[in-house]
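Undergrad: Quick one, structure for this:
(2 chains)
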Number of protein chains: 2
Amino acid sequence: MVALGGNAIKRPEERGTAEEQFRNVRETCKQLLEIIRRGYRVLITHGNGPQAGNLLIQQEEARRIVPPQPLDVVGAMTQGQIGYMLQQTLKNYLRAAGLEVPVITVLTQVLVSREDPAFRDPSKPIGPFYTEEEAERLRREKGYVIKKVEPSGERPYRRVVPSPDPIAIVERDAIRRMVEEGVIVIAAGGGGVPVVKEEDGSLKGVEAVIDKDLAGERLAEVVGADIFLNLTDVEKVKLNYGRPNERPIDRMTVEEAKRYLKEGHFLPGSMAPKVIACIRFLEWGGKRAIITSLEKAIEGLEGKTGTQIIG
Amino acid sequence: MVALGGNAIKRPEERGTAEEQFRNVRETCKQLLEIIRRGYRVLITHGNGPQAGNLLIQQEEARRIVPPQPLDVVGAMTQGQIGYMLQQTLKNYLRAAGLEVPVITVLTQVLVSREDPAFRDPSKPIGPFYTEEEAERLRREKGYVIKKVEPSGERPYRRVVPSPDPIAIVERDAIRRMVEEGVIVIAAGGGGVPVVKEEDGSLKGVEAVIDKDLAGERLAEVVGADIFLNLTDVEKVKLNYGRPNERPIDRMTVEEAKRYLKEGHFLPGSMAPKVIACIRFLEWGGKRAIITSLEKAIEGLEGKTGTQIIG
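TA: Numbers count the residues shown, from 1 in each chain, chains lettered A, B, ... in the order given. Reported below is the predicted structural model:
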């Protein structure tokens, strides 16, 4: 199970043209090809923060002409967008390497609970930054929860949405079958489209964003993955992150990971959910979880670098 | 093989809010459920014109802040968007009816030829309408082909793109396997993402739009479909369309369909590609093709209405 971080598709300093994104995706797919060449069967998930952010800005700018779509639909759109770029590029690399493996993107819904405490405390900032007046208008007109996320500046406000915990992958049966048949599947992009179960049992999208590492962990369970490879922008997880006594972690057990987490070593919304996802994976029965940078993917897999987490 | 027309998701008089689209999708899925209940195994494709149009307008409005994505990426985004709405809603109806069948959307690329004459004569209008000045600027800055599509008015210009003929479904193996396993697959939405083969054999997206009925026909071949059900906004195809001697066609052979086509009875870009898709399907080996309205889907399938086309 490979979870790709945001920088695998769009780097922070870039605006997000298709050329830039395809260039990053090529770098990412070179790493994925190397993993596949070593005989690993991979299932892939990815983030969508920058793409969803850009789409929300576009929707906002055209608001008077075209009705904006809700977050569940926006999430589905970015699954199509990023899935396409990864699917096409990875398939090209595989073919060039003489490997005729199908690669497909499966639009994925992820079940969350209406009772999830996240719905009472929206905390995940998304989309454009607003002035105080814009923030007021959106609170009034759309019922958005808007918080001041920057201490100062012209536009310090941003919409925050719930980030509920993923319970199950809705399309699990089809994904499992595909993976068993040797298909490389890209699924649950951006954490998947969050859906809740209605009283009659039907599913309905909600205005929320699921953490992609936690959704990726659920996906790992679906296919019975042995390894959970979490590719991000740092080579190793750090203890005392951001403090003078910061130091990298080469290896930690689930028990150690839990303790560090409780001690507040990892940034919420950033490294913390990655570590939580790894803990869950190992407690569920996974063999090994790795957090490392995209560039170090192979060395991480081979146990030579990255933060190795074991049961 | 069921091909859903644009009105299955967004009606012309609507602006395209998510509520409106989900409401239409529910009507559509009621029909699909009835088809499935009768024991048919279905593979689904759909149009994306209104959704792609709205997204292109949003991109245009935010052009100064966020880089617009090219048409291949826009197509992939609408596959995610519409696939999600159909997949969720159809699954809800199936579950309520006690049918536990997986429903998935597969992001689909469709191969076209660089040598396709359509690339020398772009003819498919897409996206927003422009003033003469805007048209000039976009010709100069982006190299768009822009034509006057309305005889008069403030904004008579529109971008036109090639509509090349679909050659093959790139994800055919995975789609075929899924369908064989009884999964209901939604694929090649909006005609699929058009890709061409580069000299080194790799695939690359192009700025074009593939007709969804012609792409749907290729999809029908992939799974060896018996019936090609083309659901649109009219109950029957018309002879002498738009003329005083207009009359509905109940039944036509491939030979008759070809003759009518040659005689110009069908509107290019509208009914003509639907009839061509049906002809291709029957010549490839399909048993029966039907063109009818969404509301008459069941009666059409049962041969009671619609235009029935046979070998």
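Undergrad: Let me see the ranges of the helices in the stretch 201-311 of chain A.
TA: A:212-223, A:254-262, A:271-284, A:297-301 (DSSP state H, counting those that start in this stretch).
Undergrad: Can you check what angle separates the third one from helix A:212-223?
TA: The reference is to helix A:271-284. Relative orientation of helix A:271-284 versus helix A:212-223 (axes from the mean of the first three to the mean of the last three C-alpha atoms, to 10 degrees): 20 degrees.
Undergrad: Doesn't residue A:113 belong to a strand?
TA: No: read with DSSP: H, G, I helix; E, B strand; the rest coil, residue A:113 is coil and lies in no strand.
Undergrad: For it, give me phi and psi.
TA: Dihedral pair for residue A:113: phi -100, psi 140, per degrees, to the nearest 10.
Undergrad: out of everything not next to it in sequence, what's closest to it?
TA: Among residues not flanking residue A:113 along the chain, residue A:167 sits closest, at 6.2 Å (C-beta to C-beta, 6 or more residues apart in numbering or on different chains). Backbone N, C-alpha and C define where each C-beta goes, glycine included.
Undergrad: residues in contact with that neighbour?
TA: Contact partners of residue A:167, counting by C-beta atoms under 8 Å, 6 or more residues apart in numbering or on different chains, are A:110-113, A:218.
Undergrad: give me that answer again for 7 Å
TA: By C-beta atoms under 7 Å, 6 or more residues apart in numbering or on different chains, the contact set of residue A:167 is A:111-113.
Undergrad: Identify all contacting residues around the helix or strand bottoming out on mean pLDDT in chain A.
TA: Taking mean pLDDT, DSSP states H and E as the measure, strand A:124-130 is the helix or strand of chain A with the lowest mean score, a mean of 90. If you take C-beta under 7 Å, 6+ apart as the criterion, strand A:124-130 is touched by A:52-53, A:56-57, A:60, A:138, A:146, A:149, A:155, A:157-161, A:163, A:209, A:269.
Undergrad: Spell out for me the ChimeraX command that would select the buried members of the residues you listed.
TA: Buried residues among the contacts of strand A:124-130 (16 or more other C-beta atoms under 10 Å in any protein chain shown), as a ChimeraX selection:
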select /A:52,53,56,57,60,138,146,157,158,159,160,161,163,209
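Undergrad: Around the nearest residue to residue A:97 once chain neighbours are set aside, count how many other residues there are.
TA: Counting by C-beta to C-beta, 6+ apart, residue A:97 lies nearest to residue A:33, which is 6.0 Å off, once chain neighbours are set aside. For residue A:33, the count of nearby residues is 18 (other C-beta atoms under 10 Å in any protein chain shown).
Undergrad: Please identify the helix or strand for residue A:33.
TA: Assessed by DSSP states H and E, residue A:33 sits inside helix A:18-37.
Undergrad: Going by neighbour count, which residues in that helix are buried?
TA: Going by 16+ other C-beta under 10 Å, helix A:18-37 has these buried residues: A:18, A:20-22, A:24-25, A:28-29, A:31-33, A:35-36.
Undergrad: OK, contacts around residue A:288?
TA: A:227, A:308, A:310.
Undergrad: and the first one, bridged to which residues?
TA: Listed by DSSP bridges, the beta-bridge partners for residue A:227 are residue A:288.
Undergrad: wouldn't it be in contact with residue A:282 here?
TA: No: proximity of residue A:227 to residue A:282 does not meet the contact threshold set by C-beta atoms under 7 Å, at 10.7 Å.
Undergrad: Around residue A:305, how many other residues sit close by?
TA: 20.
Undergrad: hmm, I was thinking of residue A:137
TA: 14.
Undergrad: helices and strands around the helix or strand where it lies, which ones?
TA: With secondary structure defined by DSSP H and E, residue A:137 is part of helix A:132-142. Here helix A:132-142 touches strand A:146-148, going by 3 or more C-beta pairs under 7 Å, 6 or more residues apart in numbering or on different chains; DSSP states H and E.
Undergrad: if we can go back for a sec, find me the pLDDT at the residue nearest to residue A:97, would you?
TA: Residue A:33 is assigned 98 on the pLDDT scale.
Undergrad: how close does it sit to residue A:192?
TA: For residue A:33, the distance to residue A:192 (C-beta to C-beta, to the nearest Å) stands at 25 Å.
Undergrad: Ok, residue A:52 next?
TA: Counting by C-beta to C-beta, the gap from residue A:52 to residue A:192 is 13 Å.
Undergrad: Flag every residue of the stretch 201-311 of chain A that's near chain B.
TA: Counting by C-beta under 7 Å from any C-beta of the partner chain, the residues of the stretch 201-311 of chain A lying close to chain B are A:201-203, A:205.
Undergrad: Kindly recompute the last result at 6 Å.
TA: A:202-203 (C-beta under 6 Å from any C-beta of the partner chain).
Undergrad: Which single residue in the stretch 201-311 of chain A comes nearest to chain B?
TA: residue A:202 (3.8 Å; C-beta to the nearest C-beta).
Undergrad: count of neighbours near the closest residue to residue A:24 other than its chain neighbours?
TA: With sequence-adjacent residues excluded and distances taken as C-beta to C-beta, 6+ apart, residue A:24 is closest to residue A:9, at 5.5 Å. Neighbours of residue A:9 under the rule other C-beta under 10 Å: 28.
Undergrad: which phi and psi does residue A:9 have?
TA: Per degrees, to the nearest 10, the backbone of residue A:9 is at phi -120, psi -40.
Undergrad: quick one: contacts for it?
TA: A:21, A:24-25, A:82 (C-beta atoms under 6 Å, 6 or more residues apart in numbering or on different chains).
Undergrad: can you rerun that using 10 Å?
TA: A:16, A:20-22, A:24-25, A:27-28, A:46-51, A:78, A:81-82, A:85-86, A:189 (C-beta atoms under 10 Å, 6 or more residues apart in numbering or on different chains).
Undergrad: Residue A:46 versus that one, what's the distance?
TA: For residue A:9, the distance to residue A:46 - C-beta to C-beta - is 7 Å.
Undergrad: cool, residue A:114 as well?
TA: Residue A:114 is 27 Å from residue A:46, by C-beta to C-beta.
Undergrad: which of the two has more neighbours?
TA: residue A:46 (30 against 11).
Undergrad: Which residue is the nearest non-sequential neighbour of that one?
TA: residue A:4 is the one closest to residue A:46 (C-beta to C-beta, 6+ apart), at 4.1 Å.
Undergrad: Which element, helix or strand, includes the residue in chain A positioned nearest to chain B?
TA: Scanning chain A for the residue nearest chain B gives residue A:80, at 2.5 Å (criterion: C-beta to the nearest C-beta). Per DSSP H and E, residue A:80 falls inside helix A:71-96.
Undergrad: In that helix, which of the residues would be classed as buried?
TA: A:71-95.
Undergrad: mind listing what residue A:242 touches?
TA: Counting by C-beta under 10 Å, 6+ apart, the residues that residue A:242 touches are A:265, A:267.
Undergrad: Can you tell me which residue sits nearest the middle of chain A?
TA: residue A:212 (2.6 Å; C-alpha atoms, centre = their mean).
Undergrad: List the contacts of that residue.
TA: Applying C-beta under 10 Å, 6+ apart, one finds that residue A:212 lies in contact with A:3-6, A:45-49, A:110, A:166, A:188-192, A:219, A:230, A:273-274, A:277.
Undergrad: which phi and psi does the residue nearest to it when sequence neighbours are not counted have?
TA: With C-beta to C-beta, 6+ apart as the criterion, residue A:212 has its nearest non-adjacent residue at 4.3 Å, and that residue is residue A:191. Dihedral pair for residue A:191: phi 90, psi 0, per degrees, to the nearest 10.
Undergrad: so what pLDDT did residue A:191 get?
TA: 98.
Undergrad: Does it touch residue A:71 like I think?
TA: No: using C-beta atoms under 10 Å as the test, residue A:191 is too far from residue A:71 to be in contact (11.1 Å).
Undergrad: Mutual contacts of those two, please.
TA: The contact sets of residue A:191 and residue A:71 overlap at A:208-209 (C-beta under 10 Å, 6+ apart).
Undergrad: tally of neighbours for residue A:64?
TA: Neighbours of residue A:64 (other C-beta under 10 Å): 7.
Undergrad: Good, we can wrap up now.
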